[in-house]
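J.: Any chance you could fold what I've pasted below:
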Amino acid sequence: MMDDCHIEGTSDMYGLGIRLGYYLQWYSSILAIFLAPSEVPNLRFMTELFIAATFLATVILTIEDVNRLKFVEKYIILLQIFGTYLGFVPLYLLEYAVRQASSAASTRVLNLGLRAARPSLPLFMGAAVYWGWLWVREGKDHSPRKCPEYVFLMARIQFDHEASYFINCTIVLILGPICMALALETVRRICRNKAATENLFESLTKAELARIRRLWNLHGVVKLAIAVIVTIAIELTIFWNKIEGVNTLSGAGQTIPFVTGVGALVRVLYVHFFRRPFGSSVEDDSARLYGESEANAWQQLSGAQFYHHPNRPLESGCVDA
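T.: Now for the predicted structure:
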């Protein structure tokens, strides 16, 4: 009987094109950390649009018919969402590490990146609430299932297994305090006076700047590990549950997110290989969106001393634009 078990998937929510679009956005953002830091804010914004559209569609489908999406389908969708937000965890840990061992100025460098991540908080909290509701609701259903459903928790685990329910309730209990902590931290930073960021890197020693760069690169490596694990989790969940109809690129609903993801990757490579560090529209766009100091910050963290104050002559080690 179990050999006949399969699920007719909802390709509009997690079809191949949509999944590839997410994956390409994730890996493009990680690649940008090393090759084109000025593109990180733009890629984050595009990913936020992906997440907002996916989460809104999920909520609408749930309201229309709470049983329209099977549990494993909701699980896959939430993995797509949290695959992005889990990448912010190393960024907060990175700020903590710098704060413990560096000057106030070097801590403010990381604040520039965290400031850009704050708009993600409402979506993160909304997804966390939905995750909690999903596991509590599904966990109370003890009726026998014709076909078992499997999820990925670093191993293949049957959903109605006690370990699965316990582990995910624990995750919910962890996500709640994290959401509250991030919300309080965001309010605290908004309410206090913002420190001036002009000439920020001029106040850092070479040792501090080198340490920040190493930590920033480590942040990229951790994000890569998270992205790989979530990618494996999504694909294995689809394979284990024999979900059909979600592995084709046919239809504009699949090709649009796929091409968008490819475009993000091409953009990062183009900026790295064909755009000069400063004096281009890329940096001008970053400056308009995040302020001149933050645009310089993204470039500075790339590993080369590109920072050049417009009112001062170029110093040794700087690259002329």
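J.: In three-state terms, how would the nearest residue to Asn241 once chain neighbours are set aside be classified?
T.: The shortest distance from Asn241 to any non-neighbouring residue, by CB to CB, 6 or more residues apart in numbering, is to Val72 (5.0 Å). In this view, the C-beta of every residue, glycine as well, is placed from N, C-alpha and C. Three-state call for Val72 (DSSP: H, G, I helix; E, B strand; the rest coil): helix.
J.: what's the spacing between Val72 and Ile60?
T.: Val72 sits 19 Å away from Ile60, going by CB to CB, to the nearest Å.
J.: So the two - more neighbours on which side?
T.: When Val72 is set against Ile60 and neighbours are counted by other CB atoms under 10 Å, the residue ahead is Val72, at 19 against 9.
J.: Double-check that Asn247 belongs to a helix.
T.: No. With three-state DSSP as the criterion, Asn247 is located in coil rather than a helix.
J.: Any idea how many residues pack against the closest residue to it other than its chain neighbours?
T.: Take Asn247 and drop its neighbours on the chain: the residue closest to it by CB to CB, 6+ apart is Leu16, 5.1 Å away. Neighbour count of Leu16, defined by other CB under 10 Å: 18.
J.: what does Glu73 give?
T.: For Glu73, the count of nearby residues is 23 (other CB under 10 Å).
J.: contacting residues around Val271?
T.: Contacts for Val271 (CB atoms under 8 Å, 6 or more residues apart in numbering) come out as 35-36, 38-39, 282.
J.: tell me which helix or strand of the protein sits lowest on mean pLDDT?
T.: helix 281-290 (a mean of 39; mean pLDDT, DSSP states H and E).
J.: Would you mark the buried spots in stretch 232-243?
T.: 233-234, 237-238, 240-241, 243 (16 or more other CB atoms under 10 Å).
J.: Tell me where the model's unsure across this structure.
T.: 1-4, 87-120, 138-145, 159-206, 208-209, 211-212, 276-321 (pLDDT under 70).
J.: let's see it at 80
T.: 1-6, 37-38, 41, 66-67, 82-219, 275-321 (pLDDT under 80).
J.: now for whichever strand or helix holds Ala128, which elements pack on it?
T.: Following DSSP states H and E, one finds Ala128 within helix 121-139. On a contact count with 3 or more CB pairs under 8 Å, 6 or more residues apart in numbering; DSSP states H and E, helix 121-139 meets helix 40-64, helix 71-85, helix 162-191.
J.: what angle separates the second one from helix 121-139?
T.: What that stands for is helix 71-85. Interaxial angle of helix 71-85 relative to helix 121-139 (axes from the mean of the first three to the mean of the last three CA atoms, to 10 degrees): 150 degrees.
J.: Now for the nearest residue to Thr248 once chain neighbours are set aside: which residues touch it?
T.: Sequence neighbours aside, Leu16 is the residue nearest to Thr248 in space, at 5.9 Å (criterion: CB to CB, 6+ apart). Applying CB under 8 Å, 6+ apart to Leu16 gives the contacts 246-249, 254, 258.
J.: Distance check, Leu16 against Leu56.
T.: Counting by CB to CB, the gap from Leu16 to Leu56 is 21 Å.
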